[in-house]
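Colleague: Here's my sequence, what's the structure:
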Amino acid sequence: MLASLPCMSQDVAALAMPNVDLETQEGRKMEGERAAIRKFFVLFYLSAIIPVMENQGRIGKEEDIYPLMLKVFPEKELKLCPEKLQKLMNDKIQGVKDMLAGKKQMKPEPFDPEEPEIVAFLAAYGMEDLDQQIMNWMGRQIGSESDGKLESVIQAFRHLKAGVESGKIVMPEKVEE
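Modeller: Next up is the predicted model:
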């Protein structure tokens, strides 16, 4: 006879899931790192979105937009992130600088959130869907602040960036779709 007994079904945590028990020192450290990672990636996305929108129609090539993105790259926030992410992102920044210097071939998307190293890093923190979470959250933030016209949307993105940088606006850990 096959039957499912209540004692047979147990919740089992995945082995790779991070410890986020805020009662432990390790859990508090992990949560602090996760918050720093979220803040960095929100500002990182904004450092790409805002220059593109501000220069829409005037810039058509990567070599024109990348210097603008590098200028507003959130270095301060990256320094608050785990060392492994700092190394990954600094390598990406160096790659962009090498492309601009003509040492490497220009790529249309030098910062791909689907790259295996980034995916593995985020998975170690239980943040595999961070890219989608950020896009959902920013969409809601911008949608509630703008009238849909380009200048209004740009202004909403600038306001969001200033709020995130100052700590007045914080992306929640989970964002509903």
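Colleague: okay, CA-based contacts and neighbour counts for the rest of this
Modeller: Noted.
Colleague: Which secondary structure elements does the lowest-mean-pLDDT helix or strand in the chain sit against?
Modeller: Least confident helix or strand, the chain: helix 62-71 with a mean of 83, by mean pLDDT, DSSP states H and E. Applying 3 or more Cα pairs under 8 Å, 6 or more residues apart in numbering; DSSP states H and E, one finds that helix 62-71 makes contact with helix 25-54, helix 83-100.
Colleague: Quick check: which of those helices is buried the most?
Modeller: helix 25-54 (a mean of 19; mean count of other Cα atoms under 10 Å).
Colleague: Quickly find the element holding Glu77.
Modeller: helix 75-78 (DSSP states H and E).
Colleague: how far does that helix sit from the chain's center?
Modeller: For helix 75-78, the gap between its own C-alpha mean and the chain's C-alpha mean amounts to 12 Å (Cα atoms, centre = their mean, to the nearest Å).
Colleague: go on, stretch 150-166?
Modeller: 16 Å.
Colleague: For Asp112, what are phi and psi?
Modeller: With angles defined as degrees, to the nearest 10, Asp112 sits at phi -100, psi 120.
Colleague: Spit out the contact partners of the spatially most central residue of the chain.
Modeller: Nearest to the geometric centre of the chain sits Phe41, at 2.4 Å (Cα atoms, centre = their mean). By Cα atoms under 8 Å, 6 or more residues apart in numbering, the contact set of Phe41 is Ile134.
Colleague: From Glu109, how far out is it?
Modeller: As judged by Cα to Cα, to the nearest Å, Phe41 and Glu109 stand 16 Å apart.
Colleague: same deal with Val175?
Modeller: Remark: distance between Val175 and Glu109 (Cα to Cα) = 25 Å.
Colleague: Okay then, goodbye and thanks.
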